[in-house]
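>>> any chance you can model this:
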Amino acid sequence: MKMQKETKEQIVRNVLLSLLIYLLPIALMFITFLITGERPWENKTPEKQNVKSLTNKNNLNNGSND
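So this is what the prediction gives:
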């Protein structure tokens, strides 16, 4: 069964539009990285520090501020 020319062109057009919509955010992200000079994949995450809580959890109010 042979496909009609109109149908084939419509399928090709839809595939190209789908690829454009899929790739556009990725391309914009890399262009932004290029312009700003950011490289988030090279940043190391800061080490967690032991921080004491500001509230005393052993008080009678059970942490409420009433």
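
>>> name the SS class of residue 11, please.
helix (DSSP: H, G, I helix; E, B strand; the rest coil).

>>> any idea how far residue 18 is from it?
Going from residue 11 to residue 18 by C-beta to C-beta, to the nearest Å gives 11 Å. No exception for glycine: its C-beta is placed from N, CA and C like everyone else's.

>>> so where's this protein uncertain?
Within the chain, the stretches with pLDDT under 70 are 53-66.

>>> can I get stretch 9-20 as CSV, trimmed to CA atoms?
Extracted in CSV, the C-alpha atoms of stretch 9-20 (Å, rounded to 0.1, in the frame of the first residue of the first chain):
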residue,chain,number,x,y,z
GLU,A,9,4.9,15.4,3.8
GLN,A,10,2.7,15.9,6.9
ILE,A,11,4.4,13.2,8.8
VAL,A,12,7.9,14.6,7.9
ARG,A,13,6.8,18.1,9.0
ASN,A,14,5.4,16.8,12.3
VAL,A,15,8.5,14.9,13.1
LEU,A,16,10.7,17.9,12.4
LEU,A,17,8.6,20.1,14.5
SER,A,18,8.6,17.6,17.3
LEU,A,19,12.4,17.4,17.2
LEU,A,20,12.7,21.2,17.2
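
>>> next one: it to chain centre, how far?
Taking the mean of its C-alpha atoms, stretch 9-20 sits 25 Å from the chain's own mean (C-alpha atoms, centre = their mean, to the nearest Å).

>>> for residue 42, give its distance to residue 33.
Applying C-beta to C-beta to residue 42 and residue 33 gives a distance of 11 Å.

>>> kindly report the same for residue 19.
Counting by C-beta to C-beta, the separation of residue 19 from residue 33 is 21 Å.

>>> what of residue 52?
38 Å.

>>> of those two, who's got more company?
residue 33 (13 against 5; other C-beta atoms under 10 Å).
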